[in-house]
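> can't give you the sequence, but here's the structure:
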């Protein structure tokens, strides 16, 4: 009987987590649409490019600021929540944080250039998610080959570590 309750409780917990994710994703999408509309109203047809440049630049700064002396690289922080992320000396995760920061800086520059020159951002808008997705998935392939002793690295496991690290930050701040 106990196993049934635990199973039902776990199902309810998963259902609640999924519902929360859907609500947060919808709120993020609505916010993005509202900000995009304001950007178009303020900057004109280059608004989406300006918004994309600023968004990429902010995320680039989020990664890059953690590479400053005395700070823990962002991906090193995530690795503390996933035993499968190798970080004996921090070199692997520091370099991975640098790669993400540089990639996002490149996309910020591409969008800013498109905005200044009034170019279409259609190509960049297709290339960016493909490039970021390839890097994210390709890093898992590399990690599995280079560090098989840490267990199988999967995108879901990595996303779980990211989620846990942000949850720990919220609990720590409270």
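Structure received. Quantities reported herein were computed from a predicted structural model and do not represent experimental measurements. Residues are numbered from 1 along each chain as shown.

> Can you report how many residues lie near the residue lying closest to residue 120 once chain neighbours are set aside?
Nearest residue to residue 120 in three dimensions, chain neighbours excluded: residue 114, at 7.2 Å (Cβ to Cβ, 6 or more residues apart in numbering). For glycine as for every other residue, the C-beta is placed from the backbone atoms N, C-alpha and C. Per other Cβ atoms under 10 Å, the neighbour tally for residue 114 reads 22.

> Over to residue 108?
For residue 108, the neighbour count with other Cβ under 10 Å is 20.

> Are there helices or strands packed against the helix or strand containing it, and which ones?
Secondary-structure assignment from DSSP states H and E places residue 108 in helix 91-117. Contacts defined by 3 or more Cβ pairs under 8 Å, 6 or more residues apart in numbering; DSSP states H and E place helix 91-117 against helix 47-65, helix 74-79, helix 122-146.

> Can you list the buried residues in it?
Buried positions in helix 91-117, judged by neighbour count with 16 or more other Cβ atoms under 10 Å: 92-94, 96-98, 100-101, 103-105, 107-108, 110-112, 114-115.

> follow-up on the earlier one: deepest-packed of the helices and strands packed on helix 91-117, please.
Highest mean neighbour count of the helices and strands packed on helix 91-117: helix 74-79, a mean of 22 (counted as mean count of other Cβ atoms under 10 Å).

> Cool, thanks, signing off.
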